[in-house]
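A.B. asks: The sequence and its predicted three-dimensional model are supplied below.
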Amino acid sequence: MSLVSQSRLPIMPIFTTILISTSAFDVQPSWDLKADFQQLFAYHFMQTAFLAGTLIALIAGFVGYFMVLRGQSFAGHTLANVGFAGAAGAVLLGWSPVLGLLTCCIAAAIGIGVLSGQHEQTQWEQGVAIGTIHTFVLSLGLLFVHLSSSSNAAGIYSILFGAVLGISDRDVMVIALTTVVTLLGLIAIARPLLFASIDPEVALARGVPVRLLDNTFLVLLAFAVAQSVQVVGVLLIFALLVTPAAIAQQITAHPTFAVGLSVFLALVFTWLGLAIAYFTPYPVGFFITSLAFGTYVLVRLFKLVPWMKR
Amino acid sequence: MTNLITLLVHTPLLLLNLVQDLHDMLSLDFMRYAFLAGTPIAIVCGLVGYFVVLRDLTFATEALAHVTFTGALLAVVVGSDALLGLFGVTVIVALGISVLGTRAQVKDVEVGTVLAWILGLGALCLSIYTSQSSGGNSTIGVNYLFGSLFGLQAQQAKLVAVIGIGIIVVLLVITRPLLFASLDPEVARTRGVPVQGISAVFMLLVALTIAQAVPAVGALLNSALIVTPAAIAHRLVARPFVALFLSAGLSLAFVWIGLIIGFYAPYPVSFLISTLAFVTYVAVVTWQWLSTASLSRLVNKT
């Protein structure tokens, strides 16, 4: 039973996992839930996928709430894309991808903080600073891929779209470690950050270090993104960050409930997405984003219905 | 790709004789196509970009640029022409954004949520596409992601040039009301400017600009030409028309210089262009920061 599907593409050794196709196992869902669960967790790679997915959903739901609250979706998206350059650069230099991801994302977070936060910035200047860094770092990624001898499609795709079914035990350890660090950091600054996010002027007047919190949050966001990129991919981690939080914000205004709901939704989408993807030949990322987006649309539609407005 | 190989075979040398260098460059077909397509793309991106920044649509533009990737792959998977899907999907999403935006300013969460799903859809199309063309060339996707000015065919270059000129004409026709509606929508509405209609037309123009630039500069990188030159222009001058043309001029300069360096150096042109833009932007920001810093020091002394 070959893990790698029969594609003749040249593949970077480190990213072979993209082509793992679950359809190779020929699994069929039945109505017997117990048997389904046994099937789902029969393979080690599914166990690690669930473990890593759970950790990532946890952190993405939590960090995502603040990201959405602060209107920093664009920054989150950019940091996720920056991961592409990080991973490609690490491959070029022979580093571990995680190291490249962390370095690049944190550098970009600091760059965004510096470029967009000098003096009183209007809204568009922040967006522009983020957008400019975004394209520049992506083009750096293109350069790295171009320079590394094996500039091939599969390598690029695996960084962009992730390889959730090819996570090693060591990856899980790294993810667990960064999750704990990020969670602790976020919990430590949660209260002042909430204050600074909702009303920066009043917070500043009360002596809350708003600028410092801004930058710390960006770095935490970078941390959360960098560790998740390997699993759901550069382009899709963003879905776990933004959509559960957006749904939570639609449903409740209470911060604690909203954070809880956002984490819960991120977990549910990830688990369901992984389970569905296991039984179908299509990518996990598609199911996770579609579940999330479908729920978001439903919630928005429900809010439009008159009897819900009371 | 093949063009890059030709380029390497030719190994052009910089002679520092301008006439001879120019002659060398333009004697090659792919260079002529690159200039033919690159020039209108640069001008259009610069002009449209000015309004994108003015209306604070950076994230929406970036999202649209990513959408083109899904559009192209979707069309290929369905069995239709990639260009058709690219234009179709981008225009539909752009109109969707402008409809969302009619109620109020489009929120960045909304753009983000839609973008996330479209990217998921792109992942699906990609997986279907790679399994369909088992072992074939999946490079089509990568070409759409990063684009290649040197990889354009004659027909593509001409199409890009024609669409580009069309966009410029429409944009110049609506420039005055668009400017008015962007700077002060309330006053413009009371003066009888159709703000709603103009913003829809503008989103359409943004979509077309992005879609036509994708084969050349790629889905991931084409906002380098839209956002960055405009951002530099906005920082340097306040007068709208000067800034508008400065933005187009900068964008054109980045593309031309990028193409010329790319002709001699073995690096991707898209990378060169966005690096030129980024470095210029950082230089301008730093210079402005230094001058305000020294100014405030001067004020403090006296």
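C.D. replies: Great, that's in hand.
A.B. asks: residue in the stretch 201-310 of chain A nearest to chain B?
C.D. replies: A:Thr289 (2.7 Å; Cβ to the nearest Cβ). (Glycine included, C-beta is placed from N, CA and C.)
A.B. asks: and the helix or strand where that residue lies, C-alpha only, in PDB?
C.D. replies: Using DSSP states H and E, A:Thr289 sits in helix A:284-304. Extracted in PDB, the C-alpha atoms of helix A:284-304 (Å, rounded to 0.1, in the frame of the first residue of the first chain):
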ATOM      1  CA  VAL A 284      -9.100  18.700   4.200                       C
ATOM      2  CA  GLY A 285      -8.800  22.400   3.700                       C
ATOM      3  CA  PHE A 286     -11.700  22.500   1.400                       C
ATOM      4  CA  PHE A 287     -14.000  20.900   3.900                       C
ATOM      5  CA  ILE A 288     -12.900  23.000   6.800                       C
ATOM      6  CA  THR A 289     -13.300  26.200   4.900                       C
ATOM      7  CA  SER A 290     -16.700  25.200   3.400                       C
ATOM      8  CA  LEU A 291     -18.100  24.100   6.800                       C
ATOM      9  CA  ALA A 292     -17.000  27.300   8.300                       C
ATOM     10  CA  PHE A 293     -18.200  29.500   5.500                       C
ATOM     11  CA  GLY A 294     -21.500  27.600   5.300                       C
ATOM     12  CA  THR A 295     -22.100  28.200   9.000                       C
ATOM     13  CA  TYR A 296     -21.200  31.900   8.600                       C
ATOM     14  CA  VAL A 297     -23.700  32.400   5.800                       C
ATOM     15  CA  LEU A 298     -26.400  30.500   7.800                       C
ATOM     16  CA  VAL A 299     -25.800  32.700  10.800                       C
ATOM     17  CA  ARG A 300     -25.900  35.900   8.700                       C
ATOM     18  CA  LEU A 301     -29.100  34.700   7.000                       C
ATOM     19  CA  PHE A 302     -30.700  33.900  10.400                       C
ATOM     20  CA  LYS A 303     -30.000  37.400  11.500                       C
ATOM     21  CA  LEU A 304     -31.800  38.700   8.500                       C
END
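A.B. asks: Could I get the buried residue list for that helix?
C.D. replies: A:284-293, A:295-296, A:299 (16 or more other Cβ atoms under 10 Å in any protein chain shown).
A.B. asks: how far is that helix from where the chain is centred?
C.D. replies: 17 Å (Cα atoms, centre = their mean, to the nearest Å).
A.B. asks: Could you list the low-confidence segments of chain A?
C.D. replies: A:1-31, A:117-124, A:149-166, A:230-232, A:235, A:306-310 (pLDDT under 70).
A.B. asks: Spit out the contact partners of the closest residue to B:Phe254 other than its chain neighbours.
C.D. replies: In this structure, B:Phe254 finds its nearest non-sequential neighbour in B:Leu276, 4.7 Å apart by Cβ to Cβ, 6 or more residues apart in numbering or on different chains. Listed by Cβ atoms under 8 Å, 6 or more residues apart in numbering or on different chains, the contact set of B:Leu276 reads B:Phe254, B:Ile257, B:Gly258.
A.B. asks: neighbours of the second one, just the number please.
C.D. replies: Close neighbours of B:Ile257, defined as other Cβ atoms under 10 Å in any protein chain shown, add up to 13.
A.B. asks: dump the residue contacts of it.
C.D. replies: B:Leu272, B:Leu276.
A.B. asks: Need the pLDDT of it.
C.D. replies: Note for B:Ile257: predicted pLDDT of 91.
A.B. asks: Distance of it relative to chain A?
C.D. replies: Applying Cβ to the nearest Cβ, to the nearest Å, the value for B:Ile257 to chain A is 15 Å.
A.B. asks: Next: the last one.
C.D. replies: The spacing between B:Gly258 and chain A, counted by Cβ to the nearest Cβ, is 10 Å.
A.B. asks: so when I look at B:Pro266, I'm seeing a strand, right?
C.D. replies: No: per DSSP: H, G, I helix; E, B strand; the rest coil, B:Pro266 lies outside any strand segment and is coil.
A.B. asks: Phi, psi for it please.
C.D. replies: phi -80, psi 40 (degrees, to the nearest 10).
A.B. asks: quick one on the thing from earlier: please tabulate the buried residues of helix A:284-304 in TSV, including the columns distance to B:Val67.
C.D. replies: As requested, these are exported to TSV (distance: Cβ to Cβ, whole Å):
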residue	distance to B:Val67
A:Val284	21
A:Gly285	16
A:Phe286	15
A:Phe287	20
A:Ile288	19
A:Thr289	14
A:Ser290	16
A:Leu291	20
A:Ala292	17
A:Phe293	14
A:Thr295	21
A:Tyr296	17
A:Val299	23
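A.B. asks: can you tell me which residues contact A:Arg206?
C.D. replies: Contacts of A:Arg206 (Cβ under 8 Å, 6+ apart): A:Phe195.
A.B. asks: longest helix anywhere in chain B?
C.D. replies: Taking DSSP state H as the criterion, chain B has its longest helix at helix B:269-301.
A.B. asks: average model confidence for that helix?
C.D. replies: 85.
A.B. asks: buried set for it?
C.D. replies: B:269-278, B:280-282, B:285.
A.B. asks: So what's the gap between that helix and the chain middle?
C.D. replies: On Cα atoms, centre = their mean, the centre of helix B:269-301 falls 22 Å from the chain's centre.
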